[in-house]
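> Show me the folded form of this:
(2 chains)
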Amino acid sequence: MTPSRNALTVWTPLPPERNGIADYACFLLGGLAAHYECIAACDDWLAEAPAGVRVLDPALAHRQAGPRVLHQIGNNPGHAFVVQGLRRMPGVTTLHDAGLLYLYETSGQGLGSILAGMAGAAPGLAATYARHLREHGIQTRANHLLFDLVGETLARSRAVIVHSAFARNRLRLAHGPAATAHVEVIPHMLPPAAMPGRAEARARLGIAGDEFLVVTSGFATEAKRFDWLIEALDLADIRGRPVRWIHAGAERREEYALSAAIAARPSVAAVARVTGYLDAAALDAHIAAADVLVNLRFPSSGESSGSLARAFAAGTCCIVSDTAAYAELPRDVVLQLPLGDTVPHLAQALRLLAAAPERAAAIGERARRWARAEMALDAVAARYRDVIEASLDRPVGMPAPQETPALIELDAGPGLSRRQVAARLAGRQGRCRLLLAAPDLVGLADLTLAQPGLLTELLPVGARLLASQVQAAPRPGLLLDLALGWDA
Amino acid sequence: MSGAVVVARLLRAALPAAPLLDLGWPGWGFAPHWPGARLGLPDPDALPPGEAALLGRFRQGTGARPILGLDPVADAELLAGAAGALGSAEAPLLVLDGAPPAGLAPLLEGGAMLLRRSRTEAAAPPGVPRGRIMLLGGSLAQVERWDLLLPPDLVAPVFGRMQAAAQELAGAQGGSAAWQVGGRVARPDLASLGMLATGEAPVLPVALSAVELAHDLPGPPGADGLALGRTTRLRLLLGALPMRGARLRLRLRGADPARAPTLFLDGEAQATHLVAEAAGQVAEAVIRPRRDAAQVVGLALPPGAPPGLAVTGLEVLP
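Numbering: from 1, shown residues only, chains lettered A, B, ... in the order given. As a prediction, the model looks like this:
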């Protein structure tokens, strides 16, 4: 008789969604299934999951959920339903990106949630930037660097998992040690499927054995520094072997016009190709066929790379930037390029590896051995289990249950400042009533005539005005219905 | 739950024009057997957040009304006794699994009939004097009891119609070997009626048209049924179904056999096959509900399925 196992509900996107986190979660579910009866709550009811893992409509996941819940959150709108799930069913959260502002912006989250998140991420800066957003709709790229919008995830999660010490330290610096005491590091994992051999992969792709193949992968973004690679390939002047560069991934012209950048450098354009989005098997073949996977990042916010894990599994030599999570990799398993003068260093590395392929193979083999010890699926799944079990009783920060909104009274004289209002509202979540009290209704009228933008000037960011009414009794003033903090 | 099915059938035969407001959450066991029944929540504030979010999606009828208890404006309109708010000008029948919530006082004072699960003796509801028919349903192994509270002058005629319906249903579902049926009128305002299965109660068929389904589409059903338009997902809220094997059938128009829909029960995909029929198609799955609670039927179209699918009805068959 098989003993019954605990259920684990995992809120996550899954394949066929074209999303690295969907692939990651699918791998992880396969490992977690050794420990739990896994249920995947996925917005795509027809999504693909490993054998034995049931896929559920997230709207009904609460009916089958126990106390063990895992959320996979990344910074794109495909994770909006996971945020909703986190609000209703707190659990452990894997935070795949260091910032979530794009997710909040693109997934219909209320402005109040965004403003509250900005205030939580950088209180000293939020007043100015959030006022720009609230009053003028001004939103710049600076906001994405300044405000990570991770506060809600930290507060609502029993534990938070990130993939690098860099990511954990960054959270700690932004949100403080108390709010991040439950953040754990679990490294990225190796894909469970065996990678094809180099010769087999090259045969499949029609690439000759003597070609020097450089591969980049994933969605082409500016931070992947294709500009540096293009310049380095031009500079490297590799001779003796035909050179080929394949970008095994999709181009999003609105993020980075990769094809145009390549076309602008004819010597590189002659050897370069962009494949467009590839399924997992095709991506594996490209990475396994490569002499070197170039995986640069600058700036990096601490993200990890699924392609790097695939390259480790294949024993493919990797070149990365010596920054953020990539700087934590052992020095002998990847080539880490300094952020200063990257282009000549990269050109030199490519030239040397092309001339001495056995050196590239040796680095790749060391990476494979290291990754098998540190990033194996069963080891990663066991660490997940430990975090989930250890966090079961940890309380989470949930909004107070709906009840009669608290009434706060403040004398609304000319000296009342936004700072005073913010101080009285500090620490509150949900609905609140604020009475800006006046000596009498004439006094209130005088005040509003003297300060036509009274509420705009007084209300702090993160306070949404739901309604206002003039109150004559029991105490004259302007009675405001406010919503504070995150959406319920 | 099986008792609710039988009692619903008998009451439906005895009170064919009465609109039903089923407040028996989490089961809503009467609603599937009472086409056009409105669903309501006796205590919406007690709902867990996930269930509140789920139930808040659904709309009922041509007026696209939310579940009673989840929309203060719509609730106020109904409880104020707006003509036709429950779909009929007849006195409504309210189904409860406990004491009536205070908000229902206007309906009770207006003469609504009340069917309540009877675990203990309960106080009389407000409003006009009421007679009582004590009802026993379920099986000999598991007897369930309800009290039907209705105007005293209706006790005898309603009892008579229910008794006749019980005899007819028993005859159609195995006869006297399968059922024990009995009852009597003790006083003009008091009667009792029992219909108990001697073995396992059969699964009684459910048949609801599109307009009788609670759904989560943005608009109400039209002449062609529940039209999905470009939507590829649909949820339908049913009451509780027997926790036994049954055939779930969704009647469709416009399905592409090459990109057939998949049916879901309580969020989980069911092995589905599409059958062509004269008036369209039927998506069918064999289901076995795992919870004695209101079920949610889902439908999902695969990528590339053409738009324009419409659901024209739902059936649950033995």
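
> which bits of chain A sit near chain B?
When proximity is defined by C-beta under 8 Å from any C-beta of the partner chain, chain A lies next to chain B at A:45-46, A:54-65, A:84, A:87-89, A:402, A:488. Bear in mind the C-beta positions are built from the backbone N, C-alpha and C, glycine included.

> Residue numbers of the stretch 151-300 of chain B in contact with chain A?
Counting by C-beta under 8 Å from any C-beta, the residues of the stretch 151-300 of chain B that sit close to chain A are B:233, B:235, B:262, B:264, B:266-269, B:291, B:293, B:296, B:298, B:300.

> isn't residue A:218 right next to residue A:305, touching?
Yes: at 7.4 Å, residue A:218 and residue A:305 qualify as touching, with contact defined as C-beta atoms under 8 Å.

> Could you identify the longest helix within chain B?
If each helix of chain B is counted by residues according to DSSP state H, the longest one is helix B:152-172.

> And the contacts of that helix?
For helix B:152-172, the external contacting residues (C-beta atoms under 8 Å, 6 or more residues apart in numbering or on different chains) are B:6, B:9-11, B:13-15, B:129-133, B:148, B:150, B:176, B:178-179, B:181, B:183, B:185, B:188-191, B:193, B:195.

> buried subset of the residues of chain A next to chain B?
Of all the residues of chain A next to chain B considered here, the ones buried according to neighbour count by 16 or more other C-beta atoms under 10 Å in any protein chain shown are A:45-46, A:54-65, A:84, A:87-89, A:488.

> Derive a PyMOL selection command for the buried subset of the contacts of helix B:152-172.
In PyMOL, a selection of the buried entries from those looks like this (16+ other C-beta under 10 Å):
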select buried, chain B and resi 6+9+10+11+14+15+130+131+132+133+148+150+179+181+183+185+189+191+193+195
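
> So which of the contacts of helix B:152-172 belong to strands?
Judged by DSSP state E, the subset of the contacts of helix B:152-172 located in strands is B:131-133, B:148, B:150, B:179, B:181, B:183, B:185, B:190-191, B:193, B:195.

> wait, which of the residues you listed is closest to residue A:24?
Top of the list for closeness to residue A:24, among the ones in strands among the contacts of helix B:152-172 and by C-beta to C-beta, is residue B:195 at 56.2 Å.

> Give me the distance between that closest one and residue B:292.
Distance of residue B:195 to residue B:292, given as C-beta to C-beta, to the nearest Å: 20 Å.

> and what of residue B:178?
Computed with C-beta to C-beta, the distance linking residue B:178 and residue B:292 is 22 Å.

> who's in contact with residue B:148?
Residues counted as contacts of residue B:148 (C-beta under 8 Å, 6+ apart) are B:11, B:113, B:114, B:115, B:132, B:133, B:134, B:135, B:158.

> Look up the closest residue to it, ignoring the ones flanking it.
Excluding the flanking residues, the one nearest residue B:148 by C-beta to C-beta, 6 or more residues apart in numbering or on different chains is residue B:133, at 4.3 Å.

> for residue A:233, same thing?
Closest residue to residue A:233 apart from its sequence neighbours, by C-beta to C-beta, 6+ apart: residue A:268 at 5.0 Å.

> Next, the contact list for the one you found, please.
Residue A:268 makes contact with A:230, A:233, A:234, A:245, A:262 under the criterion C-beta under 8 Å, 6+ apart.

> So residue A:218 and residue A:305 - more neighbours on which side?
Under the criterion of other C-beta atoms under 10 Å in any protein chain shown, the comparison of residue A:218 against residue A:305 puts residue A:305 first, with 22 against 19.

> wouldn't that one be in contact with residue A:296 here?
No: contact between residue A:305 and residue A:296 fails when scored by C-beta under 8 Å: they sit 10.5 Å apart.

> Low-confidence regions, the stretch 51-200 of chain B specifically.
Where the stretch 51-200 of chain B drops to pLDDT under 70, the residues are B:81-85, B:87, B:119-124.

> element containing the residue in it positioned nearest to chain A?
Across the stretch 51-200 of chain B, the shortest distance to chain A (C-beta to the nearest C-beta) belongs to residue B:54, at 5.1 Å. Secondary structure from DSSP states H and E places residue B:54 in helix B:49-55.

> how about that helix: buried residues?
Within helix B:49-55, the residues scored as buried using 16+ other C-beta under 10 Å are B:50, B:51, B:52, B:53, B:54, B:55.

> residue contacts, the closest residue to residue B:209 other than its chain neighbours?
Among residues not flanking residue B:209 along the chain, residue B:313 sits closest, at 4.9 Å (C-beta to C-beta, 6+ apart). Contact analysis of residue B:313 by C-beta under 8 Å, 6+ apart lists B:207, B:208, B:209, B:210, B:225, B:250, B:251.

> Name the nearest residue to residue A:179, sequence neighbours excluded.
Once its chain neighbours are removed from consideration, residue A:179 has its nearest residue in residue A:154; the separation is 5.2 Å (C-beta to C-beta, 6+ apart).

> distance of the one you found from residue A:110?
As judged by C-beta to C-beta, residue A:154 and residue A:110 stand 19 Å apart.

> higher neighbour count, the two?
More crowded of residue A:154 and residue A:110, by other C-beta under 10 Å: residue A:154, with 23 against 14.

> re the thing from before, which of the buried residues of helix B:49-55 lies closest to residue A:142?
Comparing the buried residues of helix B:49-55 against residue A:142 with C-beta to C-beta places residue B:53 closest, at 34.5 Å.

> still on that earlier bit, dump the contacts of residue A:268 into JSON lines; add pLDDT, secondary structure and neighbour count as well.
Listed next are the contacts of residue A:268 as JSON lines, based on pLDDT from 0 to 100; DSSP: H, G, I helix; E, B strand; the rest coil; neighbours: other C-beta atoms under 10 Å in any protein chain shown:
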{"residue": "A:230", "pLDDT": "97", "secondary structure": "helix", "neighbour count": "21"}
{"residue": "A:233", "pLDDT": "96", "secondary structure": "helix", "neighbour count": "24"}
{"residue": "A:234", "pLDDT": "94", "secondary structure": "helix", "neighbour count": "14"}
{"residue": "A:245", "pLDDT": "98", "secondary structure": "strand", "neighbour count": "23"}
{"residue": "A:262", "pLDDT": "97", "secondary structure": "helix", "neighbour count": "23"}
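
> So which of these is the closest to residue A:28?
Closest approach to residue A:28 among the contacts of residue A:268 (C-beta to C-beta): residue A:245, at 31.4 Å.
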